[in-house]
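Chemist: Here is my input, please return the structure:
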Amino acid sequence: MAISFKRYVDITSGVGGGVGVRLRDLILRLFTNSTLVPEKTVIEMDNATDVGTYFGTTSPEYKRAVFYFGFISKLITAPKKISFSRWADGAAAARIYGHTKTFAVSQFTGITTGSFKLTLGAYTADLTGISFAAATTLSQVASILQTAIQAVVAGGADWTAATVTYNATAQRFELVGGVVGAEPVATAAAASGTDIRALLGWDATAVFSPGVAAQEPLDAFIASVQASDNFGSFAFIQTITQAQALAVATQNDTYNVKFIFTLPIAAGDAASYYGALSGLSGVATTLSPLSTEYPELLPSAI
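Modeler: Residues are numbered from 1 along each chain as shown. Modelled structure (predicted):
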């Protein structure tokens, strides 16, 4: 007797009581020396427009994001997400990048008892009695803040050499600590006075970028993987040496092809890079002769 075809297809297969496990997004992670990416922090974005808003449309981060998101495969698919992690190729001071928004001087001039608690380096102090009554520009607002911070001589050079500016292009107030190196930075409400953190954009909406010492690409890579392994390929925006590339590739080889290390090389370096990297898994070297083009990111886009 013939068996109805329906008996073959009308079946649902599954595992009872199973718990769904989130898969990794096999996205690109770009390592950047931008202080807009705090150390040991991973920033994920969904499109090039967001990257441009965050880093600026003239930034190397944005230019690579445009190339990456602009790829469309033969199956009419395109990348959906990108992430950024910090490589401190040089020591940097602690910074606050205030929240971007529209400011008006009139928002500040009525404040004569402004206050907030600031941690900069090893010292924490309540800044109180800040008056913006005499300010006529946003740059003057920043100058008043800078004067109040620099007056805390007990904080040492972290404070006395700190600078505060108003970035008119990015529409935010920015603080740079006076000491280059590993230094913490944070704000909180002071014990008294009018809390001005939200007005400045220096509250939880700000980017707090602690100061860092210079590090090797290998250290940045290991720290990034420990922070989040939600990526499938990675590349360094700033140029790294062959020795640094070899160190990263050797570490990546231990992850058993968990990540693809995409690496641009010049024609004249091809032979030496092949000799150094051959035999290591998870490395994709691409001839990239022009600094304005990023073919090494094609494996990541695919």
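Chemist: Mind telling me what element Ser300 is part of?
Modeler: Here Ser300 sits within helix 298-301, counting by DSSP states H and E.
Chemist: What separation is there between Gly178 and Gln140?
Modeler: From Gly178 over to Gln140 the distance is 21 Å, taken as CB to CB, to the nearest Å. Heads up, the C-betas are built off the backbone N, CA and C, glycines and all.
Chemist: between these two, which one's more packed in?
Modeler: Set side by side, Gly178 and Gln140 show more neighbours around Gly178, with 20 against 15, by other CB atoms under 10 Å.
Chemist: Now that one: closest residue in space, sequence neighbours ignored.
Modeler: Ranked by CB to CB, 6 or more residues apart in numbering and with sequence neighbours excluded, the top spatial neighbour of Gly178 is Ala161, at 2.7 Å.
Chemist: mind showing which ranges of the protein have poor pLDDT?
Modeler: Along the chain, segments meeting pLDDT under 70 span 1-22.
Chemist: residues in contact with Lys63?
Modeler: Neighbouring residues of Lys63 by CB atoms under 8 Å, 6 or more residues apart in numbering: Thr292, Tyr294.
Chemist: Could you do Ile111 as well?
Modeler: Ile111 neighbours (CB under 8 Å, 6+ apart): Ile130, Ser131, Phe132, Ala133, Thr194, Ile196, Leu199.
Chemist: Secondary structure element holding it?
Modeler: In this assignment (DSSP H and E), Ile111 forms part of neither any helix nor any strand.
Chemist: buried stuff in stretch 119-127?
Modeler: Buried residues in stretch 119-127, defined by neighbour count with 16 or more other CB atoms under 10 Å: Thr119, Leu120, Gly121, Ala125, Asp126, Leu127.
Chemist: Which members of those residues occur in strands, if any?
Modeler: Thr119, Leu120, Ala125, Asp126, Leu127 (DSSP state E).
Chemist: Could you find the two of these that are most distant from each other?
Modeler: Within those, Leu120 and Asp126 form the most distant pair, 12.7 Å apart (CB to CB).
Chemist: got TSV for the buried residues of stretch 119-127, with distance to Lys74 too?
Modeler: Putting the buried residues of stretch 119-127 into TSV (distance: CB to CB, whole Å) gives the following:
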residue	distance to Lys74
Thr119	53
Leu120	53
Gly121	54
Ala125	60
Asp126	61
Leu127	59
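Chemist: Taking those residues, tell me the two that lie furthest apart.
Modeler: Gly121 and Asp126 (15.9 Å).
Chemist: which stretches of the protein form strands?
Modeler: With strands called from DSSP E, the chain shows them at 28-32, 42-45, 82-86, 93-97, 114-120, 123-130, 163-167, 172-180, 185-188, 194-195, 207-209, 233-236, 260-265, 283-287.
Chemist: Can you tell me which of the ones you listed is nearest to Ser59?
Modeler: strand 28-32 (8.7 Å).
Chemist: what are the pairing partners of the closest one, and which direction each?
Modeler: strand 82-86 (parallel), strand 233-236 (parallel) (DSSP bridges).
Chemist: of all those strands, which lies closest to Thr147?
Modeler: Of all the strands paired with strand 28-32, strand 82-86 comes closest under CB to CB, at 30.8 Å.
Chemist: Excluding its own residues, what touches that closest one? List them.
Modeler: Strand 82-86 is contacted by residues 27-34, 37-45, 51, 61, 65, 68-69, 212, 220, 223-224, 227-228, 230-231 when judged by CB under 8 Å, 6+ apart.
Chemist: likewise stretch 292-302?
Modeler: 27-28, 63-64, 67-68, 71, 73, 78-79, 232-235, 260, 262-264, 284-288.
Chemist: Any idea how far that stretch is from the middle of the chain?
Modeler: For stretch 292-302, the separation from the chain centroid amounts to 20 Å (computed by CA atoms, centre = their mean, to the nearest Å).
Chemist: before we move on, what about stretch 240-253?
Modeler: Using CA atoms, centre = their mean, the offset of stretch 240-253 from its chain centre is 21 Å.
Chemist: And the helices in the protein, which stretches?
Modeler: 6-9, 48-55, 60-70, 106-109, 138-150, 157-160, 197-200, 217-227, 242-253, 270-277, 298-301 (DSSP state H).
Chemist: Dump these to JSON lines, plus distance to Arg172.
Modeler: Output for these, formatted as JSON lines (distance: least, CB to CB, whole Å):
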{"stretch": "helix 6-9", "distance to Arg172": "59"}
{"stretch": "helix 48-55", "distance to Arg172": "11"}
{"stretch": "helix 60-70", "distance to Arg172": "17"}
{"stretch": "helix 106-109", "distance to Arg172": "14"}
{"stretch": "helix 138-150", "distance to Arg172": "10"}
{"stretch": "helix 157-160", "distance to Arg172": "21"}
{"stretch": "helix 197-200", "distance to Arg172": "9"}
{"stretch": "helix 217-227", "distance to Arg172": "25"}
{"stretch": "helix 242-253", "distance to Arg172": "33"}
{"stretch": "helix 270-277", "distance to Arg172": "41"}
{"stretch": "helix 298-301", "distance to Arg172": "30"}
